[in-house]
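K.L.:
Pasting a predicted model and its sequence here:
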Amino acid sequence: MPIDRLQTHCEFCGRYYLACCHCEPASNICHAKKVVYTDGACSNNGDDSSAISAIGGTLGDAYLEYNWSIKIDDSMDYGQRRTSQRAELLAAIEGLRHLVLEDDNDCRSAGGHLSQASEGTDGSFYVVATDSEYVVKGVTQWYPKWQRNGWRTAGGTRPTNLDLFRELVEYVEDLEKNGITVKFWYIPRRYNREADALATAATRD
């Protein structure tokens, strides 16, 4: 199925969700699998004197509070080089935080209507959508190998950005201990235009 058919949004609360067989008609959207789109950007990537990095993300298309555009500074990533890879990881972490903060801000509180597939569910399924293969492979494939290898790569070196990978994975593990399923979804950049634009805009502010 094409990626643009896998994602849908609710006309009542404006949130993004994964589509399912119960999501027709559009006014009867299943609210079980909530999606956040994230992106990191960095101008002059890795240049210690001039690099500017930022993150962007979106949970939906209805309200400004569903979008964020944040320039990365030491309050977010203290003492680190500004790079695109760190920005992508920070964007994923921030995306999860927004999913948690906005977990109840959907049709359950917006006066909309839930599909039968959503009734009686707790909505405890989060999807982090990103065009960063580095983030998705890092979390799902590389991180377990590093852990088994004493926090070393196959070449025996310390993994780059291990601190942020640890923060992200530990956050996911904490959520899963509380009954929330978290998945990472690698998407082509053309399907991540909103988050990309938000991240890029923050590098220019």
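P.N.:
Received the coordinates, thanks. Numbers count the residues shown, from 1 in each chain.

K.L.:
Please spell out which residues along stretch 56-73 are buried.
P.N.:
For stretch 56-73, burial by neighbour count (16 or more other CB atoms under 10 Å) applies to 56-60, 66-72. (Glycine included, C-beta is placed from N, CA and C.)

K.L.:
Filter the residues you listed down to the ones in strands?
P.N.:
Secondary structure assignment (DSSP state E) places 56-58, 67-71 from the buried residues of stretch 56-73 within strands.

K.L.:
Can I get these in CSV including distance to Lys33?
P.N.:
CSV is the format used below for these (distance: CB to CB, whole Å):
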residue, distance to Lys33
Gly56, 22
Gly57, 17
Thr58, 16
Asn67, 20
Trp68, 21
Ser69, 25
Ile70, 25
Lys71, 30
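
K.L.:
Now the two most distant members of these.
P.N.:
Maximum pairwise distance among these (CB to CB): 16.9 Å, between Thr58 and Lys71.

K.L.:
Confirm Val128 sits in a helix?
P.N.:
No: under DSSP: H, G, I helix; E, B strand; the rest coil, Val128 sits outside any helix and is assigned strand.

K.L.:
Kindly state the pLDDT recorded for it?
P.N.:
Val128 is assigned a pLDDT of 98 by the prediction.

K.L.:
do the one 5 residues further on as well
P.N.:
If you check Glu133, the pLDDT there is 98.

K.L.:
Skipping adjacent residues, who's closest to it in space?
P.N.:
Nearest non-adjacent residue to Glu133, counting by CB to CB, 6 or more residues apart in numbering: Tyr186, 5.6 Å away.

K.L.:
What of Arg189?
P.N.:
Arg189 sits nearest to Asp131 (CB to CB, 6+ apart), 4.3 Å away.

K.L.:
Lovely, talk soon.
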